[in-house]
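Q: Return atomic coordinates for the entry below.
(one chain, ligands or ions: 1)
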Amino acid sequence: MSLKTRILALLAALIVVAGSASLLAYRELSAGIIERWGKHVAEIQVRYDSARLLQSLEREIGLARQMAKSSALVQWARTPDSPGLEAAAIRQMESFRTNFRDNSYFVALKNNGHYYYNNAANEFAGNQFRYVLDPEKPEDAWFYRLIDEGRDFHLNVNPDTELGVTKLWIDVLMRDQNSNIVGMVGTGLNLDDFLQDIVDIGQEGITTLFVDYNGAIQLYRDRNYIDFATIIKPEGQKNTVDLLFDNPQDKRQILGMLQMLKQRDGETGAVESGFVTVDGREHLAGVAFLPAIGWFEITLLDLNTLLPVSYLWPLLAVFIISLLITLALFHHVIQSRILRPVISLESAVHRVREGRFDLPYLPKPDNEIGRLVDHFEKMAGTVQDTTRELEAKVASRTEELHRLARVDALTGLKNRRGLDELMAEEIQRAHREQKGFGLIWLDVDHFKAINDNFGHQTGDDILCRVALWLKASVRPYDHPGRWGGDEFVVVLSPCEAEDLEQIAHRIRTDVERESSQTGTPVTVSVGGYYSLPGDSIETLLRKADQALYTAKREGRNRVVIQKPDAAEADTV
Ligand SMILES: Nc1nc2c(ncn2[C@@H]2O[C@H](COP(=O)(O)OP(=O)(O)OP(=O)(O)O)[C@@H](O)[C@H]2O)c(=O)[nH]1
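A: Here you go, the predicted structure:
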């Protein structure tokens, strides 16, 4: 995987990690803010809704309590058969009717079960006695239950089948001086109007409901959930608030909140709140207890409606755009400051490794990589100089070795290899120019005896001196060499036949003269051959050797020139 891919992959991974962490932190933070805000709003809303409910009920409850204490009613309730007391009581009832908001009332007497009622239309004027309550009838059970429980005040949402109305009933017990229950009075509020005024107020995202002390739903915008005539229903058959929630955890939570508030015993302003799911949407539930009526008020705030996610889209857009800009900038910086210089450096390293020192332009950012590139350029320069020096040295050493391989170590003349190459060149030249050249082969006479008599070192000295005399005797452009042992060869080129003879003689006489003047006298036998174009190297050597052999055989210290086409060489 390339460095670029790795860096981008690492970057992407870092962004994913950082993005996830940010998202998580954002969610936690926003959830915290929403929770705090929501709880605050829920508390305000729950208090506001409670106040609205109490405001519209308080006056009615107060009037009903006043009515229950009316002495005319209490006296009549104790002796309901008295027509005089009944007439006074009905007058009293009618005066209350006009004061109640609903302009309706009811009075039920414990003594005879008589139920009195009149409504806003004064429909039952003079005929307020409506029917007799029957302890056996389920629809009348509320009356007997309330008396049994001895609750002085009770709110009850109940359809009155006899009267054909569904109302929120305010029930207040009538007691005599001895606190004995003698009956019940109250008024009703039209449920639909009440729901519309207090509960279903059309505030989008806010749901208000009221439940009784046991959690049974009393006021809710959906009438199907309202637990009518709660008082007479056995536990377990009531429409309790947990019906609104699908999640068992939410059910437990909401019932737990009711329980908590009960334990706090109507502490003023106490509100419990928590997150719940209603119809698949997240809501914040605020719950307050209303001690004045013994109910709980529950406010459900639909957070998605009140604080839609779309509110956060601009934030998300800003985040994504910032992320993309950051990515682009980061990519640009990585590309220009790291990747491009590193890639150029890598290709430059390849070139140098292949021995190519002509480096292209290498970008040098102002950072460690730039300095590395700079060091590399300088190092490549040094390596190039060193390489050139080494190459020059190797070339010169090779040349030297080449030369040494063709030079005789003792005399400094060409050795046999040098002579071989030279003769090969001359043969080619002769062939090319159709012009021959001369070859002299000479051998020190009785050299073995010199070695034997004077020692090997003296032998060597004599060989060196013969070489010097040989060089002096030939022309500057002739090539003397040592063939091996005490044998020397001279290649004469260019050369005429006369030159060959002349130089061969000069060599012999020079050696004889010089040696006798400077030390141990030595003589040489000389064989010569003037080559013709087309002669091979073997022919050359053989002919020269034959001439030398002849010179030796004829007594040594003499010159013999081998004629090219003659069977015998001439001693000269
Ligand atoms: N000192 C010395 N002796 C050498 C060297 N190379 C060969 N020799 C000796 O040179 C002698 C050559 O002898 P030959 O050419 O065979 O015979 P010669 O004694 O010269 O007799 P003729 O050639 O017949 O006159 C041998 O004894 C070799 O050992 C060398 O480099 N130095």
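
Q: Quick check: the residue of the stretch 401-550 of the chain nearest the ligand.
A: When scored by C-beta to the nearest ligand atom, the stretch 401-550 of the chain has Gly459 as its residue closest to the ligand, at 2.4 Å. C-beta here means a position set from N, CA and C on the backbone, and glycine is covered the same way.

Q: er, the stretch 51-200 of the chain actually
A: For the stretch 51-200 of the chain, C-beta to the nearest ligand atom, closest residue to the ligand: Asp200, 134.4 Å.

Q: Double-check that residue against Arg221; I have them as touching.
A: Yes: counting by C-beta atoms under 8 Å, Asp200 does reach Arg221; the two are 4.1 Å apart.

Q: May I ask which helix or strand encompasses the residue of the stretch 401-550 of the chain closest to the ligand?
A: Applying DSSP states H and E as the criterion places Gly459 in helix 456-473.

Q: How far away from the center of its chain is that helix?
A: In terms of C-alpha atoms, centre = their mean, to the nearest Å, the centre of helix 456-473 is found 87 Å from the chain centre.

Q: Surely the residue of the stretch 401-550 of the chain closest to the ligand touches His446?
A: No: under the criterion of C-beta under 8 Å, Gly459 makes no contact with His446, lying 11.2 Å away.

Q: Of the two, which one has the most company?
A: A direct count of neighbours by other C-beta atoms under 10 Å for Gly459 and His446 places Gly459 higher, at 21 against 14.

Q: which ones are touching the more buried one?
A: If a contact means C-beta atoms under 8 Å, 6 or more residues apart in numbering, then Gly459 has 447, 450-451, 486 as its contacts.

Q: next SSE after the longest helix along the chain?
A: When the chain is parsed with DSSP state H, its longest helix is helix 3-69. Using DSSP H and E, the helix or strand that directly follows helix 3-69 along the chain is helix 71-78.

Q: who's in contact with that following helix?
A: Contacting residues not belonging to helix 71-78 are listed as 67, 82, 85-86, 88-89, 91-93, 107, 109-111, 174-176, 182-183, 185 [C-beta under 8 Å, 6+ apart].

Q: how about the residues of the protein that lie near the ligand?
A: 443-449, 451, 456, 459-460, 463, 485-486, 552, 556 (C-beta under 6 Å from any ligand atom).

Q: Quick check on the residues you listed: which are buried?
A: Listed as buried from the residues of the chain next to the ligand are 443-445, 447, 451, 459, 463, 486, 552; burial here means 16 or more other C-beta atoms under 10 Å.

Q: Inside helices: which ones of those residues?
A: Those of those lying in helices (DSSP H): 447, 451, 459, 463, 552.

Q: Dump the residues you listed to JSON lines, plus pLDDT.
A: Putting those into JSON lines (pLDDT from 0 to 100) gives the following:
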{"residue": "Phe447", "pLDDT": "96"}
{"residue": "Asn451", "pLDDT": "95"}
{"residue": "Gly459", "pLDDT": "95"}
{"residue": "Leu463", "pLDDT": "96"}
{"residue": "Lys552", "pLDDT": "96"}
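
Q: and Gln426, what pLDDT?
A: Just to correct that, residue 426 is Glu rather than Gln. We have a pLDDT of 94 for Glu426.

Q: And the host helix or strand of Pro341, how far out from the chain middle?
A: According to DSSP H and E, Pro341 maps onto helix 340-353. Put simply, helix 340-353 sits 27 Å off its chain's centre (C-alpha atoms, centre = their mean).
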